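**Q** Fold the stuff below for me.
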Amino acid sequence: MSERTKKILLIIAFVIATFVIAFAIYYLFFRPLVAPPAIVTPVVKPPTGLPAITPAVNVPVLPAVNIPPGIRPEIPTLPPTVAVPGPTISYQANGGITSFQTLVDTAVKNPVLATNGQDLIYYDSPTGFFYTITPDGQKKLFSDLPFKNVSNAVWSPNRQKAILEYPDGSKLIYDFTQNKSVTLPSHWKDFVFSNDSNQIAFKDMRLDPENRFLSVADTNASSYRQIERLGTEDQDVYVSWSPNNQYIALYRESLDAARSKVYPVGFNGENFTALIVEGRDLRFKYSPSGDKMVYSVFNSATNYNPGLWVVNTDPNVLGTGRNYLDIQTWADKCTFSTEDVVYCAVPRSLDMGSGFRPDFADTKPDDIYKIDLAAGTKELIAQPLFPTSIDQLIISQDGKTLYWQEKNTGQIKEMSL
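**A** Sure, this is the predicted structure:
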């Protein structure tokens, strides 16, 4: 086959292929669709004449039922829908879930009840000022003078003076009524005021253990007097000026593995009867008269958690009336309202061994109990609406308002009683 013939055949094949491809494209994409056949709906003529009669069906007839007169047939009814009530929230402590409010929303230090029995006094670390605040949240300066970096403040009962302690170990007594301060020796520590606010008791911790004493002095640091030698046992001495002016401190001495003897320390070398306490880590609060004391200790019987006790501390009946209150909390979390009524923050649960590690309870929510020491009863008066771990309870003088400082935030909360 010649070269010319091959070219002619290739041209013819190309023309035929082009025609086939063009027809396929036309058929698939451009040909007109064939319309489906029209659907003809038959016309139904309305019926004429009478309708056809359906043959009758024989239905059995039931016999009639005679209902005696005076008796009505019972018609079954569905049981009524009973709404399940949710928890009731109270604005006053009455035993259930109780709302409360934040009185101070910043971390504060050393809140105390003011002399009017209603307001609070506290130290505000960021500003360095002392403030008073009313139950309805009105705040004002307690002193025009700022005190920067105060680490601790110990108040006199009349709220006119305070011992201010600083991180570097320096200490002073400041009189807010006269705007005067007195510097105290840095080796004095663990201060308390006398009931008349004119004296202070403290541990004089000099370098030589032989010169360490439980001591008292006037609030201008004069009239210094040594009461008892401390030596190396200062950790077992708890400075606390009792409300009845009988004791300046308590001294703990181990009795056996589970018990301790606690000796009240007088101002003049008196030999008072020892109290027997069932456990370790003694913490206590005196009643307003000083004739009773609520204290907490822990032992194996309480799973090494703090248990609360009460005992008489009047010198004439010292050590009598000792009774376990069957509540696991620390005396630090309690406050007296009257001579026989105590309010306590009680953790809802405690891990075994919390007596050794009180910080275990910092994340445990507290409920609030009212304890009647005379009747020997305890009553749950409030489950705070939101979880709160309470560091310190304060009650107003009229017994209508309960304040507390929260452990983790340092804020002050308020609840109506």
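
**Q** So which residues of the stretch 1-150 of the chain form helices?
**A** 3-25 (DSSP state H, counting those that start in this stretch).

**Q** quick one: contacts of stretch 361-377?
**A** 93, 292, 294, 310, 323, 325, 327, 333, 340-350, 354, 378-384, 387-390, 393, 402, 407-408, 415 (CB atoms under 8 Å, 6 or more residues apart in numbering). Where you see a C-beta, it was placed from the backbone N, CA and C, and this is true even at glycine.

**Q** could you give me the average pLDDT of the helix or strand hosting residue 202?
**A** Residue 202 belongs to strand 199-204 when assigned by DSSP states H and E. Mean pLDDT, computed over strand 199-204, is 98.

**Q** same check, this time on stretch 8-17
**A** pLDDT averaged over stretch 8-17 gives 72.

**Q** Any stretches of the stretch 51-200 of the chain with poor pLDDT?
**A** Applying pLDDT under 70 to the stretch 51-200 of the chain picks out residues 51-87.

**Q** So which residues of it form strands?
**A** 89-90, 97-98, 101-104, 108-113, 120-124, 129-133, 139-141, 152-155, 161-165, 171-175, 180-184, 188-193, 199-204 (DSSP state E, counting those that start in this stretch).

**Q** Dump these into JSON lines; add mean neighbour count as well.
**A** Converted to JSON lines, these look like this (neighbours: other CB atoms under 10 Å):
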{"stretch": "strand 89-90", "mean neighbour count": "13"}
{"stretch": "strand 97-98", "mean neighbour count": "18"}
{"stretch": "strand 101-104", "mean neighbour count": "17"}
{"stretch": "strand 108-113", "mean neighbour count": "19"}
{"stretch": "strand 120-124", "mean neighbour count": "22"}
{"stretch": "strand 129-133", "mean neighbour count": "20"}
{"stretch": "strand 139-141", "mean neighbour count": "12"}
{"stretch": "strand 152-155", "mean neighbour count": "18"}
{"stretch": "strand 161-165", "mean neighbour count": "23"}
{"stretch": "strand 171-175", "mean neighbour count": "19"}
{"stretch": "strand 180-184", "mean neighbour count": "14"}
{"stretch": "strand 188-193", "mean neighbour count": "18"}
{"stretch": "strand 199-204", "mean neighbour count": "21"}
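
**Q** of all these, which lies closest to residue 278?
**A** Ranking those by proximity to residue 278 (CB to CB) places strand 188-193 first, at 25.1 Å.

**Q** Could you pull out the buried residues of stretch 244-256?
**A** 244, 246-252 (16 or more other CB atoms under 10 Å).

**Q** same thing with stretch 377-384?
**A** If you call a residue buried by 16+ other CB under 10 Å, then stretch 377-384 has these buried ones: 378, 381-384.

**Q** May I ask which two of those residues are separated the most?
**A** Once CB to CB is applied, the buried residues of stretch 377-384 give 378 and 384 as the farthest pair, at 17.5 Å.

**Q** Roughly how far does residue 375 sit from residue 325?
**A** Distance, residue 375 to residue 325, using CB to CB, to the nearest Å: 12 Å.

**Q** Neighbour count for the two, which is higher?
**A** residue 325 (21 against 9; other CB atoms under 10 Å).

**Q** Return the residues in contact with the more buried one.
**A** For residue 325, the contact set (CB under 8 Å, 6+ apart) comprises 294, 307-310, 371, 378.

**Q** switch the cut-off to 10 Å
**A** Listed by CB atoms under 10 Å, 6 or more residues apart in numbering, the contact set of residue 325 reads 294, 296, 307-310, 334, 342, 344, 369, 371, 373, 376-378.

**Q** circling back: who are the packing partners of the strand holding residue 202?
**A** Helices and strands touching strand 199-204, by 3 or more CB pairs under 10 Å, 6 or more residues apart in numbering; DSSP states H and E, are strand 161-165, strand 188-193, strand 213-218, strand 225-229, strand 237-239.

**Q** Which strands border that strand, and is each parallel or antiparallel?
**A** Strand pairing for strand 199-204, determined by DSSP bridges: strand 188-193 (antiparallel), strand 213-218 (antiparallel).

**Q** Of the ones you listed, which is nearest residue 157?
**A** So among these, strand 188-193 is nearest, using CB to CB, at 6.1 Å.

**Q** That closest one vs strand 161-165, what angle?
**A** Here the directions of strand 188-193 and strand 161-165 differ by 160 degrees (axes from the mean of the first three to the mean of the last three CA atoms, to 10 degrees).

**Q** Pull out the CA atoms of strand 188-193 and give them to me as PDB.
**A** The C-alpha coordinates for strand 188-193 follow below in PDB (Å, rounded to 0.1, in the frame of the first residue of the first chain):
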ATOM      1  CA  TRP A 188       7.700  38.100 123.100                       C
ATOM      2  CA  LYS A 189       5.000  35.900 121.400                       C
ATOM      3  CA  ASP A 190       1.500  34.300 121.800                       C
ATOM      4  CA  PHE A 191      -0.200  37.400 123.100                       C
ATOM      5  CA  VAL A 192      -3.600  37.700 124.700                       C
ATOM      6  CA  PHE A 193      -5.200  40.700 126.400                       C
END
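
**Q** hang on, residue 332 is in a strand, isn't it?
**A** No - using DSSP: H, G, I helix; E, B strand; the rest coil, the assignment for residue 332 is helix, not a strand.

**Q** Am I right that it is in contact with residue 404?
**A** No - using CB atoms under 10 Å, residue 332 is not in contact with residue 404, being 11.8 Å away.

**Q** Those two - which one has more neighbours?
**A** Per other CB under 10 Å, whichever of residue 332 and residue 404 has more neighbours is residue 404, with 28 against 18.

**Q** residue contacts, residue 178?
**A** 160-161.

**Q** Name the SS class of the residue nearest in space to the middle of the chain, please.
**A** Nearest residue to the geometric centre of the chain (CA atoms, centre = their mean): residue 388, 1.4 Å. Following three-state DSSP, we place residue 388 in the coil state.

**Q** Next one, pLDDT for the residue lying closest to it once chain neighbours are set aside please.
**A** Residue nearest to residue 388 in three dimensions, not counting chain neighbours: residue 406, with 5.6 Å by CB to CB, 6 or more residues apart in numbering. You'll see residue 406 listed with a pLDDT of 96.

**Q** how big is the angle separating the strand holding residue 202 from strand 180-184?
**A** For strand 199-204 against strand 180-184, the angle by the same axes, to 10 degrees is 30 degrees.

**Q** Distance from strand 199-204 to the middle of the chain?
**A** For strand 199-204, the separation from the chain centroid amounts to 34 Å (computed by CA atoms, centre = their mean, to the nearest Å).
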